[in-house]
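# quick check, what structure comes out for this input:
(one chain, ligands or ions: 1)
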Amino acid sequence: MTNELETERLLLRPMTAGDVESHIAMMQEPAVAQFLTPEHKPRSRAEEWRAVASVLGHWQIRGYGWFSVFEKETGAWAGRVGPWMPEGWPGLECGWSISSRCWGKGYAPEAAVATVRWTFDRFPELSRIISVIDPDNVNSQAVAKKIGEAKSGEVFEFWGSKLEIWAADREAWLSRFGSI
Ligand SMILES: CC(C)(COP(=O)(O)OP(=O)(O)OC[C@H]1O[C@@H](n2cnc3c(N)ncnc32)[C@H](O)[C@@H]1OP(=O)(O)O)[C@@H](O)C(=O)NCCC(=O)NCCS
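Residues are numbered from 1 along each chain as shown. Got it, this is the predicted structure:
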């Protein structure tokens, strides 16, 4: 099973050490950090270095994790999308974050569909995929809707916020978006 994914406009592969600076730069954008840090604003480079180290470590420990997303047209790093389940997480999540210069092109949903398909293929016993989203993060909710997720009614408390769990059931998702 390949870890290199291709969509109409994007190439995806597991994040590597070479992507660390791009990831830190994205996380230091206020618009991106708003819903991704406990303070709702960018953190220091040192804190973001530690955070991205855990992204690379997630691949080592779990054997899966966030993919780096590259624009085919320019070759530029555009963000990170994919499966995520650190210790204590409420389920296997598909997460997404895109550099703000690339927002509004539908990259997050395009990449998310590819990684959810990859995740369901990788884990045949997985009955649903979730996304954990702040109730005020309307951009992320738009992505969840586009990839066939709906609010489950469950709430997950993290960093002092009550986050909503969006979810899609395996069979319904695969019949809508197709398997590998
Ligand atoms: C959520 C996010 C990944 C969406 O990525 P994207 O590739 O722009 O996704 P889309 O193009 O499908 O846009 C999704 C929504 O974002 C909003 N949006 C799009 N372009 C925008 C822009 N330039 N400025 C502000 N909002 C914009 C729109 O509401 C859009 O929904 P619509 O297509 O129904 O109008 C991106 O906004 C992001 O990285 N946000 C910060 C990190 C984050 O919050 N991640 C999710 C944590 S749960």
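
# host element of residue 25?
helix 20-27 (DSSP states H and E).

# now that helix: mean pLDDT?
For helix 20-27, mean pLDDT rounds to 98.

# quick check: the residue of the chain found nearest the ligand vs residue 139, distance?
At 2.7 Å from the ligand, residue 104 is the closest residue in the chain, using CB to the nearest ligand atom. Where you see a C-beta, it was placed from the backbone N, CA and C, and this is true even at glycine. Going from residue 104 to residue 139 by CB to CB, to the nearest Å gives 9 Å.

# over to residue 70?
21 Å.

# between these two, which one's more packed in?
Using other CB atoms under 10 Å, the more surrounded residue of residue 70 and residue 139 is residue 70, with 20 against 15.

# state the number of residues packed around the spatially closest residue to the more buried one that is not a sequence neighbour.
Counting by CB to CB, 6 or more residues apart in numbering, the nearest residue to residue 70 once its immediate chain neighbours are dropped is residue 11, at 4.6 Å. Residue 11 has 18 neighbours, counted by other CB under 10 Å.

# next: residue 141.
Using other CB under 10 Å, residue 141 is surrounded by 18 other residues.

# quick check, it in a helix?
Yes. Assessed with DSSP: H, G, I helix; E, B strand; the rest coil, residue 141 lies in a helix.

# isn't it up against residue 163?
No. With contact defined as CB atoms under 8 Å, residue 141 does not count as touching residue 163 (11.5 Å).

# intersection of neighbour lists for those two?
residue 133 (CB atoms under 8 Å, 6 or more residues apart in numbering).

# what helices or strands is the helix or strand where residue 81 lies leaning on?
Assigned by DSSP H and E, residue 81 falls within strand 77-84. Judged by 3 or more CB pairs under 8 Å, 6 or more residues apart in numbering; DSSP states H and E, strand 77-84 is in contact with strand 10-14, helix 20-27, strand 67-71, strand 93-98, helix 107-122.

# having no further points to raise, I will conclude here.
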